[in-house]
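A.B. asks: Predicted model, plus sequence, below.
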Amino acid sequence: MQQVEVYDTTLRDGTQGEGISLSVEDKLRITRILDDMGVAYIEGGWPGSNPKDAAYFQAVQDLDLQHAKIAAFGMTCRVGSQPDNDDNIKALLDARTPVVTVVGKTSILHVEEVIRTTPQENLRLIGDSVAYLKSQGKEVIYDAEHFFDGYKLDDEYAITTVKVALERGADMVVLCDTNGGAMYWEVESFFRRVKEQLLDVRLGIHAHNDGELGVANSIAAVRAGAIHIQGTFNGYGERCGNANLVSIIPDLELKLGVQCLPDGQLRKLTHASRTIAEIANQTPLNSQPFVGKSAFAHKGGIHVAAMRRCEESYQHMDPTLVGNETRYLVSDLSGRGNILSLAEAFNLDTGDEVARQVLDQIKAMEHEGYAFEGAEASVAMMLRRCQPDYVAPFNLIDYMVLVERRQGRGMVTEATVKLDVNGQEFYTVADGNGPVHALDNALRKALIPVYPDLADFHLADYKVRIIDEARATAATTRVLIDTRNGHRRWSTVGASTNIIEASWRALQDSIEYGLLN
Ligand SMILES: [Zn+2]
């Protein structure tokens, strides 16, 4: 089986993405996740650029890594300087990593206009820096910056820079599409040409996503002989991001038969992607290929009906291979199959007739402003309530919510709830910091003596959405509630022109569902 090395730069290039900031502890946690998956190289940062990266390289020495080699990143020595007295190179050595990655100029434009030196001096910077780092016992990866643009401008000079790095001892040469604008056929053909001109060269790719081809360009490079891919988890990175390893890895393993991770590790991909998103304080993208919540979610009735007959009919692969799962969504586009699949997922024994009944109800309710996608527990409750022997754990008789603002008293919110619980009447009053909070408190006060488990339910998320905005304050409001009990989490929905009533409906479903499960 063909193999490639995965080189992750989430901790360095990834943190250059807007809104992404990682503490030293965050970086160590991500390092453990990547190492556990079997990533070959982890680029920890740029030790010369900031004290946080230097602290990471100190702390990472204490981790007992099983698979990954840690790399420090930096530039070749500066114009006019020698590597043995250059601050950048010194910082690279001080990081005490087995691997160093140095980036150098390939494009004649950057040599003349950006670092403003001669083509010969640039070749000296590359050669001397690589040779010096090799003499210090390092594995040296040479990143050829702006390779594709440089090659178009002056192919002979671009090739010469790479040749110098190789001759002076670089273990790997990485062709970089630094501004992310290359097309995948250019990448493939340039890789082939470099391999023809420099026999035995070990080549890697570092792509960015500015033309939304970061993944495609990385795969094109592998097809043309690259054996090392640099990228970030979830595609984090400057501007439009780096090539996304979370897509490249399964594409290569499952579509091209190229091994990237040790056997059995691909199944950790979804969990790793979501955990890293969590650590980076980014909302995971539902539509993210392979690992997103919606990546294998089916909504169209015809699709779901086909999926029930044949799992391969509307999925390009088995989601469990990457640790993800098939989901069936319920909406007014659904057919009976969606409801039946959902009933199975909730272990409910539902006949065709009930499924049809619930489907009609859903279609009518979606017309009123409900949306049941992402509120599977509300659909499960509709199914339960259709069962002939169903007894609700509680029934609402009345509620009243009072919101007051009086001189000198500030805001006061109070809710009163009257419930029927197994034939007994409960009447409770509670306050809260808002009407929904007060209602929730009053409901709990009535129910906890009968159902003590309720004390462990926590409101994890509360979302409000205005549906028909044009109707302004008379518009329908949709409320989505996420409830958590230990590791379990479920979502319910309510809709009404009155936000309190919409919240009550979502709250009632949430508590009723929790108590029954
Ligand atoms: Zn980059």
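C.D. replies: Cool, got the structure. Note that the structure is a prediction, hence the values are computed from the model and not measured.
A.B. asks: how about residue 211, secondary structure?
C.D. replies: At residue 211, secondary structure determined by DSSP: H, G, I helix; E, B strand; the rest coil is coil.
A.B. asks: Look up phi and psi at it.
C.D. replies: Backbone torsions for residue 211, taken as degrees, to the nearest 10, come to phi -100, psi 20.
A.B. asks: could you pull out the strands for the stretch 151-300 of the chain?
C.D. replies: Under the criterion DSSP state E, counting those that start in this stretch, strands of the stretch 151-300 of the chain are mapped to 172-177, 203-207, 228-231, 297-298.
A.B. asks: With distance to residue 139 and mean neighbour count as extra columns, can I get the ones you listed in JSON lines?
C.D. replies: Bear in mind the C-beta positions are built from the backbone N, C-alpha and C, glycine included. Listed next are the strands of the stretch 151-300 of the chain as JSON lines, based on distance: least, C-beta to C-beta, whole Å; neighbours: other C-beta atoms under 10 Å:
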{"stretch": "strand 172-177", "distance to residue 139": "8", "mean neighbour count": "25"}
{"stretch": "strand 203-207", "distance to residue 139": "13", "mean neighbour count": "27"}
{"stretch": "strand 228-231", "distance to residue 139": "12", "mean neighbour count": "27"}
{"stretch": "strand 297-298", "distance to residue 139": "43", "mean neighbour count": "21"}
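A.B. asks: Rebuild those as CSV, extending it with mean pLDDT and distance to residue 290.
C.D. replies: Putting the strands of the stretch 151-300 of the chain into CSV (pLDDT from 0 to 100; distance: least, C-beta to C-beta, whole Å) gives the following:
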stretch, mean pLDDT, distance to residue 290
strand 172-177, 98, 22
strand 203-207, 98, 18
strand 228-231, 98, 14
strand 297-298, 90, 13
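A.B. asks: Next, give phi and psi for the residue lying farthest from the centre of the chain.
C.D. replies: Note on the chain: the largest separation between a C-alpha and the mean C-alpha position, by C-alpha atoms, centre = their mean, falls on residue 407 (48.8 Å). For residue 407, the backbone dihedrals (degrees, to the nearest 10) come out as phi -50, psi 120.
A.B. asks: So it versus residue 413, what's the distance?
C.D. replies: Summarising the geometry, the distance separating residue 407 from residue 413, computed by C-beta to C-beta, to the nearest Å, is 17 Å.
A.B. asks: Can you lay out the strands of the stretch 151-300 of the chain as CSV showing distance to residue 380?
C.D. replies: Formatted as CSV, the strands of the stretch 151-300 of the chain follow (distance: least, C-beta to C-beta, whole Å):
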stretch, distance to residue 380
strand 172-177, 48
strand 203-207, 44
strand 228-231, 39
strand 297-298, 17
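A.B. asks: wait, which of those is closest to residue 55?
C.D. replies: Closest approach to residue 55 among those (C-beta to C-beta): strand 228-231, 23.6 Å.
A.B. asks: which secondary structure elements does the closest one contact?
C.D. replies: Counting contacts by 3 or more C-beta pairs under 8 Å, 6 or more residues apart in numbering; DSSP states H and E, the secondary-structure elements packed against strand 228-231 are strand 5-8, strand 172-177, strand 203-207, helix 214-223, helix 245-250.
A.B. asks: secondary structure element for residue 313?
C.D. replies: Secondary-structure assignment from DSSP states H and E places residue 313 in no helical or strand segment.
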